[in-house]
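**Student:** Sharing a sequence plus its predicted fold:
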Amino acid sequence: MSTTETPIIPKFVSVDGSDIHSRSKPDGIRFRLVSYNMLAQAYVKSSLFPHSPSPCLRWKARSHALLTVIKNLGADFLCLQELDEYDEFYKDKIESDGYSSLYIQRSGKKRDGCGTFYKRNCAELLIEEVIEYNDLLNTIQDETNPSSDKVNDKVPTENTNADVKNAIKAPADPSRDLNDPRVRLKRDCVGIMAAFEIKEPFHHVVIVANTHLYWDPELADVKLAQAKYLLSRLAQFKTMVSDRFESTPSVIVAGDFNSIPGDKVYQYLTSGNSPTLSAECFEEVPLKLCSMHAYTRGEPPFTNCTPDFTNTLDYIFFSPSDYIKPISILELPELDSPDIVGCLPNYKYPSDHLPIGAEFEITQE
């Protein structure tokens, strides 16, 4: 990557259109959270990204570009997915900018995982828990006819395309029977959730969850099972945090959900905030969430851009209440932007995903 080819650093823009630098003194706590699927270097091969200039795919160029973006976003919380080379490279490089971090590597032989970085001068870690979606296997009863298990009831999805990277990273294995739920559910996906105390200008507890759900549109039922497990674990975690720390925590859930707006996973995650949808489509959800983008300006046209698939897969959800709201969001490019034409990654965007972000304001109850 030449010195003239520097990555684009997106800026936060006010939700109401006002000048973000001329805002009055905040009424409460303000913090910025960014979610970013970085595209693990383990999955980067020229054969998988023939549309990308070869020099921008090399480790030295990509790692430098990703660090440049991450360090200049001005985030208090970073929720990173497809984060590999954590111990060897990213941990120390990012923490040198005043962050501490939590990390969970994917199960099996996968080399990437989810990492949550938080500014030490903004938040203090109270407690954390990891989410292993392979634990869904524990919910399966040993039956003589595995195909009768509910997980095999296919859930329709609009996301019928898979980007070439994902299609290659998990090749089909004919010796593995996807009709067996023990095989079907074992996708080695993970997440991490943590409670933080923010002390200025007043004490408040915030729960931040970071996750990456499975990619394959043919296994939409598995993605939905993961989404249900995520909300179940998160609701239990919120109750535990509330009791232990005598607080009413705000909840934010960020990540790559590999689900487009309106599909079953998206509908489920937001159904608690839509009584009609919840009654028509799902059992009662354990936690009410709404999408940050839907709450502000509507879901963006895309957060992932490759020749085979361009759509929105990344979200920041939060539990709506009278005392938390997003006041600014990270700017996203248009699909016809010169730096997007030709698809990602490229010199300006080092991942095939875009970073998304929000600045939240929390007022006292």
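**Tutor:** Structure received.

**Student:** number of nearby residues for residue 55?
**Tutor:** Residue 55 sits with 13 neighbouring residues when counted by other CB atoms under 10 Å. Just so you know, the C-beta spots here come from the backbone N, C-alpha and C atoms, and that holds for glycine as well.

**Student:** Residue 91 against residue 100, yeah?
**Tutor:** No. Using CB atoms under 8 Å, residue 91 is not in contact with residue 100; the gap is 9.8 Å.

**Student:** ok, these two, which is more surrounded?
**Tutor:** Ranked by neighbour count (other CB under 10 Å), residue 91 and residue 100 place residue 91 first, with 18 against 15.

**Student:** and the more buried one, what helix or strand is that in?
**Tutor:** Residue 91 belongs to helix 91-95 when elements are defined using DSSP states H and E.

**Student:** could you point out which element follows that helix?
**Tutor:** As assigned by DSSP H and E, the chain's next helix or strand after helix 91-95 is strand 99-105.

**Student:** Now do that next one: which elements does it pack against?
**Tutor:** Using 3 or more CB pairs under 8 Å, 6 or more residues apart in numbering; DSSP states H and E, the elements in contact with strand 99-105 are helix 91-95, strand 113-119, strand 124-132, strand 190-198.

**Student:** any chance of those in JSON lines, with distance to residue 344 and mean pLDDT too?
**Tutor:** Listed next are the helices and strands packed on strand 99-105 as JSON lines, based on distance: least, CB to CB, whole Å; pLDDT from 0 to 100:
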{"stretch": "helix 91-95", "distance to residue 344": "22", "mean pLDDT": "98"}
{"stretch": "strand 113-119", "distance to residue 344": "21", "mean pLDDT": "98"}
{"stretch": "strand 124-132", "distance to residue 344": "28", "mean pLDDT": "98"}
{"stretch": "strand 190-198", "distance to residue 344": "24", "mean pLDDT": "98"}
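
**Student:** just checking, which of the ones you listed sits deepest inside the structure?
**Tutor:** Highest mean neighbour count among those (mean count of other CB atoms under 10 Å): strand 113-119, with a mean of 25.

**Student:** Show me the contact partners of that strand.
**Tutor:** Residues from elsewhere that reach strand 113-119 (CB atoms under 8 Å, 6 or more residues apart in numbering): 75-81, 83-84, 86, 90-91, 94-95, 98-106, 125, 190-192, 194, 196, 208, 210-212, 255.

**Student:** Just the CA atoms from it would do, formatted as PDB, please.
**Tutor:** Presented in PDB, the C-alpha positions along strand 113-119 are these (Å, rounded to 0.1, in the frame of the first residue of the first chain):
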ATOM      1  CA  GLY A 113     -12.900 -14.400  17.300                       C
ATOM      2  CA  CYS A 114     -14.600 -11.500  18.900                       C
ATOM      3  CA  GLY A 115     -12.700  -8.800  20.700                       C
ATOM      4  CA  THR A 116     -14.200  -5.900  22.800                       C
ATOM      5  CA  PHE A 117     -11.900  -3.000  23.600                       C
ATOM      6  CA  TYR A 118     -12.900  -0.200  26.000                       C
ATOM      7  CA  LYS A 119     -11.300   3.000  27.000                       C
END
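
**Student:** For the residue nearest to the spatial centre of the chain, which non-adjacent residue is closest in space?
**Tutor:** The residue lying closest to the centre of the chain (CA atoms, centre = their mean) is residue 255, at 0.5 Å. Take residue 255 and drop its neighbours on the chain: the residue closest to it by CB to CB, 6 or more residues apart in numbering is residue 211, 4.1 Å away.
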